[in-house]
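Q: Fold the stuff below for me.
(chains A and B)
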2 protein chains.
Amino acid sequence: MLVLIMSNTVHFKKVALIGVGLIGGSLALDMKQKGIADEVVGVGRTQKNLDTALGLGIVDSVTRDIAEGVKGADLVIVAVPVLKVASVIEAAVEHLADGCIITDVGSVKARLIEEVTPLLGPGISFVPAHPVAGTENSGASAALTGLFNGRNCIITPTDSTNPDALATITELWRAVGSNVVIMDPVLHDRILSAVSHLPHVIAYALVNTVAAAGKSTGEGGSDTDMLSYSAGGFRDFTRIASSSPEMWADICDMNAVAIVEMIEAFQTELDALKEAIETRNIESVKDEFSVAKSLRDELIKSG
Amino acid sequence: MLVLIMSNTVHFKKVALIGVGLIGGSLALDMKQKGIADEVVGVGRTQKNLDTALGLGIVDSVTRDIAEGVKGADLVIVAVPVLKVASVIEAAVEHLADGCIITDVGSVKARLIEEVTPLLGPGISFVPAHPVAGTENSGASAALTGLFNGRNCIITPTDSTNPDALATITELWRAVGSNVVIMDPVLHDRILSAVSHLPHVIAYALVNTVAAAGKSTGEGGSDTDMLSYSAGGFRDFTRIASSSPEMWADICDMNAVAIVEMIEAFQTELDALKEAIETRNIESVKDEFSVAKSLRDELIKSG
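A: All right, here's what the predicted structure looks like:
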């Protein structure tokens, strides 16, 4: 792991942003505001979202035609759901100018790199990146300036990644305020499966468990709306269950191996706690809780 | 389930508050501010916390002697950790004036009622209550006015609960702004195991899973501080893991049967999701996520 520090001289003449959502839109806003891009073309499937992006000044022009959008671009940012990145790049690649850099913002890297690498022609570089930022909101209207400021952006080059392109994309993310971390794609996927993908799976499963537990538990066997008794803790805890089901199902597909492994590690942990509660081994329960509290409190202290 | 609506005429001459923490302290603040109590005596084990409470005007006097504190009280509020409620009532009961009402604020009700009922003498009423409010903070210094305003307070009487005492405690909680819900104690424990106790167990288990997953995953087999890569979602999701380990271990002890049952329901749900991810049955994953998102979004809309 290596943190690169460089001066901010990164600049592009024409940026094609494919997928003008929260992440792509926020990046475009910062790039325009900081003079990193002369021109940003928004490429998408839905005219309405493109019109919103144009109206908000996120992009300078819009098109639904990938070939037209990427023509003459020196940078293509692919900010579509992670399962669609490879097919978008496949559609774009033959229309790219020599020397063009492609980058992405997907939350899964290893399988994506496997899919994308064979598609690239000579003179075209791909630099896989993942800005660790995001909210449960989506679409161009959710885009914000400064979204990446102070956040980690993990870049996951391989042996075949062009070093100049890697340096350029590193500079780009540093210029919008991110802490750039260079990491192996498999380690990235393992870390994200733990700190992001597993919590999402758990949050969805928890909401469904609580809803199902309300069936036939009320007086006279009627349903109880258990969720209506939840307090602030439950609401915070399940906020991420309001995230896009499509996006998260795609992530589960793309990172299935690491996620399944992490679910199993969690199941082992939960099973041990259940056993301790069941046998009233309350000292052991308290010890487990204390360790978790210390770790969580440290996390908050470290910002 | 029944929501009682009454006018606010509840009044006590002397209230003994045993346990001056977040919940007890906040209730005392509201009772004094609204003129519901002429005098509140704070009873506790730690002089420092009692002095804090006195300094903040939460109570009018303090003592570490239960017998002295409850003498002549027309209301005793037991706001100590749920595992200690019965022993506190046992110590107090012989010193109580005839007609005194005891109430509590514990998050587990059925076993508590079993423990407390045989301790009560004639002329002493016990009304079990649970204000569904609370933060991860604790102690007198965490007390707030208005903490219960707009929140549910679940009161769980049994057949032997004195109806006048029940009406009085119902009025008390309504007077501080709570929505009072009368509920069977076993149903209460089941609902809370789902919306509160299970999420806490999961949050603690998740933090420990992620920390353990970081062992020997870095370059050269070194540890990776996975938690440092977590974004806002993970922090919100695990906020409740910063709650008091002692309090939550006690709750696991007191409500073990319902909590184990709810953990098992969650395990079934999670196992099904894991299976769907493992077999790349992504449509089924998406369906599960969509159901959860709809439920969660409704929860937020309903306030």
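
Q: alpha carbons only for contacts and neighbour counts from here, please
A: Will do.

Q: The helix or strand hosting A:Val291 packs against which elements?
A: Using DSSP states H and E, A:Val291 sits within helix A:282-301. The contact analysis (3 or more Cα pairs under 8 Å, 6 or more residues apart in numbering or on different chains; DSSP states H and E) places helix A:282-301 against helix A:256-278, helix B:198-213, helix B:245-254.

Q: show me what contacts A:Pro145?
A: Quick fix: residue A:145 is Thr, not Pro. Applying Cα atoms under 8 Å, 6 or more residues apart in numbering or on different chains, we find A:Thr145 in contact with A:26-27, A:29-30.

Q: Can you give me the pLDDT of it?
A: With respect to pLDDT, A:Thr145 scores 94.

Q: Tell me if I am right that it is in a helix.
A: No - read with DSSP: H, G, I helix; E, B strand; the rest coil, A:Thr145 is coil and lies in no helix.

Q: do you know how far it is from chain B?
A: Computed with Cα to the nearest Cα, to the nearest Å, the distance linking A:Thr145 and chain B is 17 Å.

Q: phi, psi of the residue nearest to the spatial centre of chain A?
A: A centroid search over chain A (Cα atoms, centre = their mean) returns A:Ser107, at 3.9 Å, as the residue closest to the centre. The phi and psi torsions at A:Ser107 (degrees, to the nearest 10) take the values phi -90, psi 0.

Q: that older thread, mind giving me the PyMOL select for the contacts of A:Thr145, buried ones only?
A: In PyMOL, the members of these classed as buried (16 or more other Cα atoms under 10 Å in any protein chain shown) are selected with the following command:
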select buried, chain A and resi 26+27+29+30
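
Q: Reformat the helices and strands packed on helix A:282-301 as a markdown table; add mean pLDDT.
A: What follows is these, written out as a markdown table (pLDDT from 0 to 100):
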| stretch | mean pLDDT |
| --- | --- |
| helix A:256-278 | 97 |
| helix B:198-213 | 93 |
| helix B:245-254 | 94 |
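
Q: any idea which of those is most buried?
A: helix B:198-213 (a mean of 25; mean count of other Cα atoms under 10 Å in any protein chain shown).

Q: neighbouring contacts of that helix?
A: A:194-195, A:199, A:206, A:234, A:237, A:262, A:265-266, A:269-270, A:273, A:288-289, A:291-293, A:295-296, B:225-227, B:237-241, B:248, B:259, B:262-263.

Q: if you set the cut-off to 6 Å instead, what comes out?
A: A:194, A:266, A:269-270, A:289, A:292, B:238, B:241 (Cα atoms under 6 Å, 6 or more residues apart in numbering or on different chains).

Q: quick one: is the helix or strand following it near chain A?
A: Where DSSP H and E defines the elements, the next helix or strand beyond helix B:198-213 is helix B:232-237. Yes - Helix B:232-237 reaches chain A (Cα under 6 Å from any Cα of the partner chain) through B:236-237.

Q: List of residues touching helix B:232-237?
A: With Cα under 6 Å, 6+ apart, helix B:232-237 has contacts from A:236-237.

Q: For that helix, list the C-alpha coordinates in CSV.
A: Output in CSV follows, covering the C-alpha atoms of helix B:232-237 (Å, rounded to 0.1, in the frame of the first residue of the first chain):
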residue,chain,number,x,y,z
GLY,B,232,-20.2,6.9,6.5
GLY,B,233,-22.5,4.0,6.0
PHE,B,234,-20.5,1.7,8.1
ARG,B,235,-20.1,4.3,10.8
ASP,B,236,-23.8,4.9,11.1
PHE,B,237,-24.5,1.2,10.9
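
Q: Would you mind measuring from A:Leu198 to A:Thr103?
A: The gap separating A:Leu198 from A:Thr103 is 26 Å, by Cα to Cα, to the nearest Å.
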